[in-house]
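Visitor: okay, structure incoming, though there's no sequence with it:
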Ligand code: NAD
Ligand code: ZN
């Protein structure tokens, strides 16, 4: 049931306003019907005009007879004589009502405590204090089973202890009633709390009924003001262009970068304007710098800023991300001002993931994949201390989870700011320098030889490829020149794969990493060393570089695998579908069989 009153106090006649060529109310009606969740959908209204709008467009509308104080009363009158079980009240001014939100409210009646529930409603997380303190946003607090304790326009709970971890929730005006409960509601007189707050569901609490809240974090736009309508029209227009023309990807880049020897010292002045009141900056720093007092001093931690040393001995895991997020949430009530990652690809990826998971619910493992993130990350800064991965520019963060090794690839993943100071890479051991540098070289090869290649990626890939040859083959560069060049090669290599994809070496190296814990850089080298079948010229070049720098690449790493380990390794590698498609085209499954992969792994 969609209650629809013509005369809204803040924006009269809003339901009949034009939204992308249709009235707001008709759009809400159609969206609700299209969810397929309901046996019947009705608009219940006091207005002839709205009634006609729905009827003339083939919908169901009911004229309400009496004057009503609220939407629930209006729909109670309408369903009084209908044979229905559950009635859902959908707001007429929410034309972007999502199917998932409605589904969640209905699912409440299928849960184990269904018989205790009189009414179900929706809530959504709020993290911005301005919104929390806005009386137009109704807040709700719940007990441990998500039953509502109280609704208010005041911030509840009051944050006397700023360090107590508490999540604020906003109430969304979607209700699902058992018919009996709805009819009760209609008969019960309004009491003082409801009258004071002007929030209708308080009536239930005042009469001791149980309201179960479901959580939905998908945000639509409510049409409360003329400005909302302008915004909604804009969103609709953008959505249309997206569905009509989604052939080309709109690729997010790092918006701010500073480059130069010693640029690290500018970090405090870069961060100062980003500091939010009492919210700290959290520094995630590679523990190789644990005893490096000088580096820590250069960061100028202030107030309640927090420094967490993280180990890069193992590559980032979803569990590690979840733990760091938990530590931060436990210590601070509000989200930090930002996350600053200082380290190699491992720490940079970890930092991106933590920034994302501070604003997205659940475990990092829920978001491994392409475009699964809903909410913008908090401000995050990346500062590489070793070059090659391109993690400083990329749209992903590679994580090992309980079931897969896969990145959180999203528009919100890239850093808001990167600091490129080649001097930070001074202490990198030679082998590590080579392995991580070869990650860059391999990125270029895989991107340049891939079927996803386009001029954009190519322009970056070719530059990085040339820089790698300059750095890793016989050269007369000074160490300082070489460091600066490798830092930029990493950047360009990252840009190249971000708009194309990696290939065979990465797909197979993910298998090694998952089963044996082999690290990314060396894992790529182990694999690439044996890929002459796929990348003949470049494998030769790689071997020249390896010999010139006298680097040892392990051999026979798969010779003692159990059958089960081998099967898992093959599963992980085969799971990297976009990588294979890029490397070998649509036909890849005919070339890369399980037997083929086993044979290749055994050769390594
Ligand atoms: P890393 O971050 O694991 O670091 C390698 C080693 O070098 C560590 O022991 C570290 O402590 C040490 N180190 C780092 N800086 C140092 C310094 N200045 N002095 C001395 N030692 C230093 O290695 P990496 O190769 O940079 O990164 C690998 C990670 O990057 C993997 O987790 C991989 O999945 C990820 N990666 C991500 C992307 C992406 O697009 N996001 C791309 C490629 C790789
Ligand atoms: Zn890589």
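Guide: Great, that's in hand. Computed from a predicted model, the values in this text were never measured in an experiment. Ligands and ions are numbered 1, 2, ... in the order given.
Visitor: what parts of this structure come near ligand 1?
Guide: Taking Cβ under 6 Å from any ligand atom as the contact definition, the chain meets ligand 1 at 286, 288, 312, 315-316, 343-347, 349, 385-386, 388-391, 394, 396-398, 424-425, 427-428, 432, 436, 439, 519-521. C-betas here are computed from N, CA, C, even on glycine.
Visitor: mind showing which ranges of this protein have poor pLDDT?
Guide: Counting by pLDDT under 70, the ranges of the chain that qualify are 9, 66, 68-69, 219, 238-247.
Visitor: okay, which residue is most central for it?
Guide: By Cα atoms, centre = their mean, the chain has its centre lying nearest to residue 373, at 2.3 Å.
Visitor: on that earlier part again, which of the residues of the chain next to ligand 1 count as buried?
Guide: Among the residues of the chain next to ligand 1, the ones that count as buried by 16 or more other Cβ atoms under 10 Å are 286, 288, 312, 315-316, 343-347, 349, 385-386, 388-391, 394, 396-398, 424-425, 428, 432, 436, 439, 519-521.
Visitor: residue 428 and residue 386 touch, don't they?
Guide: Yes - the criterion here is Cβ atoms under 8 Å, and residue 428 meets it with residue 386 at 4.9 Å.
Visitor: need the residues touching each of those two.
Guide: residue 436 (Cβ atoms under 8 Å, 6 or more residues apart in numbering).
Visitor: which stretches of the stretch 151-300 of the chain form strands?
Guide: All strands of the stretch 151-300 of the chain, identified by DSSP state E, counting those that start in this stretch, fall at 168-178, 211-215, 257-259, 281-286.
Visitor: what's the answer for the stretch 301-450 of the chain, then?
Guide: 306-310, 338-343, 369-370, 380-384, 398-400, 405-409, 417-420.
Visitor: any chance of the ones you listed in JSON lines, plus distance to residue 528?
Guide: Listed next are the strands of the stretch 301-450 of the chain as JSON lines, based on distance: least, Cβ to Cβ, whole Å:
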{"stretch": "strand 306-310", "distance to residue 528": "28"}
{"stretch": "strand 338-343", "distance to residue 528": "24"}
{"stretch": "strand 369-370", "distance to residue 528": "25"}
{"stretch": "strand 380-384", "distance to residue 528": "22"}
{"stretch": "strand 398-400", "distance to residue 528": "17"}
{"stretch": "strand 405-409", "distance to residue 528": "18"}
{"stretch": "strand 417-420", "distance to residue 528": "26"}
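Visitor: so which residues make contact with stretch 454-470?
Guide: The contact list for stretch 454-470, computed with Cβ under 8 Å, 6+ apart, reads 437, 440-441, 443-445, 447-448, 453, 477, 485-486, 488-493, 495-500, 541.
Visitor: try stretch 533-552
Guide: Taking Cβ under 8 Å, 6+ apart as the rule, stretch 533-552 contacts 430-431, 434-435, 438, 441-442, 445-446, 449, 469, 472-474, 503-505, 525, 528-532, 553, 583.
Visitor: which of the residues you listed fall within helices?
Guide: Of those, the ones assigned to helices by DSSP state H are 430-431, 434-435, 438, 441-442, 445-446, 469, 472, 504-505, 525, 528, 583.
Visitor: quick one: which of the residues you listed has the most company?
Guide: residue 446 (32 neighbours; other Cβ atoms under 10 Å).
Visitor: got the contact list for that one?
Guide: Contacts of residue 446 (Cβ under 8 Å, 6+ apart): 497, 501-506, 535, 582-583.
Visitor: what's the closest of those residues to residue 3?
Guide: residue 501 (49.8 Å; Cβ to Cβ).
Visitor: could you look up the SS state of that closest one?
Guide: coil (DSSP: H, G, I helix; E, B strand; the rest coil).
Visitor: quick revisit: distance to residue 233 added to the contacts of residue 446, as JSON lines?
Guide: Below are the contacts of residue 446 laid out as JSON lines (distance: Cβ to Cβ, whole Å):
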{"residue": "497", "distance to residue 233": "38"}
{"residue": "501", "distance to residue 233": "36"}
{"residue": "502", "distance to residue 233": "41"}
{"residue": "503", "distance to residue 233": "44"}
{"residue": "504", "distance to residue 233": "47"}
{"residue": "505", "distance to residue 233": "48"}
{"residue": "506", "distance to residue 233": "43"}
{"residue": "535", "distance to residue 233": "51"}
{"residue": "582", "distance to residue 233": "39"}
{"residue": "583", "distance to residue 233": "44"}
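Visitor: returning to that earlier point: of the contacts of stretch 454-470, buried ones?
Guide: Buried by 16+ other Cβ under 10 Å: 437, 440-441, 443-445, 447-448, 453, 485-486, 488-493, 495-500, 541, out of the contacts of stretch 454-470.
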